[in-house]
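**Q** I would like to see how this sequence folds:
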Amino acid sequence: MEEWLLHVHDRPELSSAKHLPRAELLDHLPKIIDDMVALIQLGSTPKEDAHTVFIGKTHARHRWAQHYRVDELLREIGVLQRIIHDEIARFQQAHPKFNAEGAHRIRMILGRFLDEIAVTSVNHFVAHQQAQLEEDRRTLACVNQEIQHTNEELKAQDAARMRLLRTTSHELRNALNQLNLISRTLLREEDSAMREKMLHMLQRSIDHMGTLVEHMLDLSPLITGHEPLRISSGDLSSVGEELEVSFRALAAMKGLKFTWSIDPELKTVITDEEKLRRIITNLVANSVKFTEDGQVDLEMRILDDDTWSLTVTDSGPGIPKEHLSRIFEEFHRVPGTAHHPGYGLGLAITKELVHLLGGRIEITSELGEGTLVRIILPRGQTAGQ
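**A** Numbers count the residues shown, from 1 in each chain. Model (predicted):
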């Protein structure tokens, strides 16, 4: 054992052995020797090969558990095999009755034992490497999927920014051209009544431009993903009651009726209350703007344990089916609505706010009968997930 230990510690390529305590190395060696003696005693019995395989695998697993590298274990086996061969040769010289046939048989038995340790170790190493490669492959696939998803999101954001930039530039240029035309005409106009009319036109154009800029400032952080969430427990009854006053006044200015109702069991939700108010305000204001006769209704209902709905229904002119899929796009205006103020950004802002709060939008409409917009939101907060 001392000779084997000396050889193992003297080999620089067996670094793992150097990190194992002497007692741990020596403690394992007697078991190896005992097993080899047992194999020799079995001789050429039919159980020899099966027993050799079993003992070889046991020792290989033991070394593998001690964090040996496969090359180190093979080198250690080589050291042990050379020591055994030298010991057999010395024993044969000291005992003339010990013939060459017996020495050959012992070398074959122990060689098979050490070979089995080597084969099992290599198999363990290959299996470990394959498992590691498979794990790395799965990890790489997940990373690639995340990168692809991120790239798609970035591309979508870039496309939205460019679309927004082009459309906004176009709208601002039109507004500036109109302001320029009105101001130049105003400078030459001598009729006081016409000057008064043109001043009103100029003020409306400035107001419209201000509205466009405000909407752009609202929409930009939503598109770029820089809009922060402020999550808290919100009392929907209080929100509805506070907004009802302004909504009734807004509807009354057009001779419309406004109603709102809430499920008695729907008391609180976890959400960003300020963004929820903006969603409700945008939807109700949009319905009032395009409804000339009848009413606008706001309803809040529980759908299940996890979700609730916010529904705005109006008796307006309805939306053509071919425009329903585009109604929430930036600057999209349904034909025949150009006389209404606005730039078509309110619903685009609403869509981004709904997505930010982890919700989705459903819309149905019939020409001449009105429109229903339903926002489905989580009762507990999953926004941004």
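
**Q** which stretches of this structure form helices?
**A** Secondary structure of the chain (DSSP state H): helices at 2-10, 15-18, 22-42, 48-65, 70-94, 100-188, 192-224, 236-252, 273-290, 321-324, 346-356.

**Q** ok, residue 379 - how many residues close by?
**A** 17 (other Cβ atoms under 10 Å). For the C-beta atoms, the positions are set from N, CA and C on the backbone; glycine is no exception.

**Q** contacting residues around it?
**A** Applying Cβ atoms under 8 Å, 6 or more residues apart in numbering, we find residue 379 in contact with 269, 270, 302, 305, 306, 307, 308.

**Q** same thing but 7 Å
**A** Applying Cβ atoms under 7 Å, 6 or more residues apart in numbering, we find residue 379 in contact with 269, 306, 307, 308.

**Q** Which among the helices of the chain is found nearest to residue 373?
**A** Proximity to residue 373 (Cβ to Cβ) singles out helix 273-290 among the helices of the chain, at 5.7 Å.

**Q** so what pLDDT did the residue positioned nearest the centre of the chain get?
**A** The C-alpha lying nearest the average C-alpha coordinate of the chain belongs to residue 146 (Cα atoms, centre = their mean; 6.7 Å). Residue 146 is assigned 88 on the pLDDT scale.

**Q** Please tell me how far it sits from residue 152.
**A** The gap separating residue 146 from residue 152 is 11 Å, by Cβ to Cβ, to the nearest Å.

**Q** Also residue 68?
**A** Here residue 68 is placed at a distance of 46 Å from residue 152 (Cβ to Cβ).

**Q** Compare neighbour counts for these two and give me the winner.
**A** Neighbours were counted for residue 68 and for residue 152 using other Cβ under 10 Å; residue 68 has more, 23 against 10.

**Q** Now for residue 369: which residues touch it?
**A** By Cβ under 7 Å, 6+ apart, residue 369 lies in contact with residue 318.

**Q** Quick check: pLDDT value at it.
**A** Note on residue 369: pLDDT of 89.

**Q** what's the answer for residue 255, then?
**A** For residue 255, pLDDT reads 93.

**Q** Without its sequence neighbours, what residue ends up closest to it?
**A** residue 293 (7.5 Å; Cβ to Cβ, 6 or more residues apart in numbering).

**Q** how about that neighbour, phi and psi?
**A** Main-chain dihedrals, residue 293, degrees, to the nearest 10: phi -150, psi 140.

**Q** quick one on the thing from earlier: turn the contacts of residue 379 into JSON lines, columns for distance to residue 362 and pLDDT.
**A** Listed next are those as JSON lines, based on distance: Cβ to Cβ, whole Å; pLDDT from 0 to 100:
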{"residue": "269", "distance to residue 362": "18", "pLDDT": "89"}
{"residue": "306", "distance to residue 362": "17", "pLDDT": "90"}
{"residue": "307", "distance to residue 362": "12", "pLDDT": "93"}
{"residue": "308", "distance to residue 362": "14", "pLDDT": "94"}
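
**Q** And these, which two are furthest apart?
**A** Greatest spatial distance in those: 269 and 306, 10.8 Å, computed using Cβ to Cβ.

**Q** who has more neighbours, those two?
**A** The residue with more neighbours, out of residue 269 and residue 306, is residue 269; 23 against 11, by other Cβ under 10 Å.

**Q** who's the more buried one bridged to?
**A** Assessed by DSSP bridges, residue 269 has beta-bridge partners residue 234.

**Q** From what I see, it and residue 234 are in contact.
**A** Yes: counting by Cβ atoms under 7 Å, residue 269 touches residue 234, with 5.6 Å between them.

**Q** returning to what we had before: next one, pLDDT for the residue nearest to residue 255 please.
**A** Listed pLDDT for residue 293 reads 91.

**Q** Check the one 3 residues further on too.
**A** Here the pLDDT value assigned to residue 296 is 95.

**Q** That one contacts residue 314, correct?
**A** Yes: at 4.7 Å, residue 296 counts as touching residue 314 under the criterion of Cβ under 7 Å.

**Q** overlap in contacts of those two?
**A** Shared contacts of residue 296 and residue 314, counting by Cβ under 7 Å, 6+ apart, come down to residue 287.

**Q** The residue lying closest to residue 351 once chain neighbours are set aside: how many residues sit nearby?
**A** Distances taken as Cβ to Cβ, 6+ apart place residue 328 nearest to residue 351, at 4.1 Å, with adjacent residues excluded. Neighbourhood size, residue 328 [other Cβ under 10 Å]: 19.

**Q** Got phi/psi on residue 328?
**A** phi -100, psi 10.

**Q** Can you tell me how far it is from residue 159?
**A** With distances taken as Cβ to Cβ, residue 328 is found 16 Å from residue 159.
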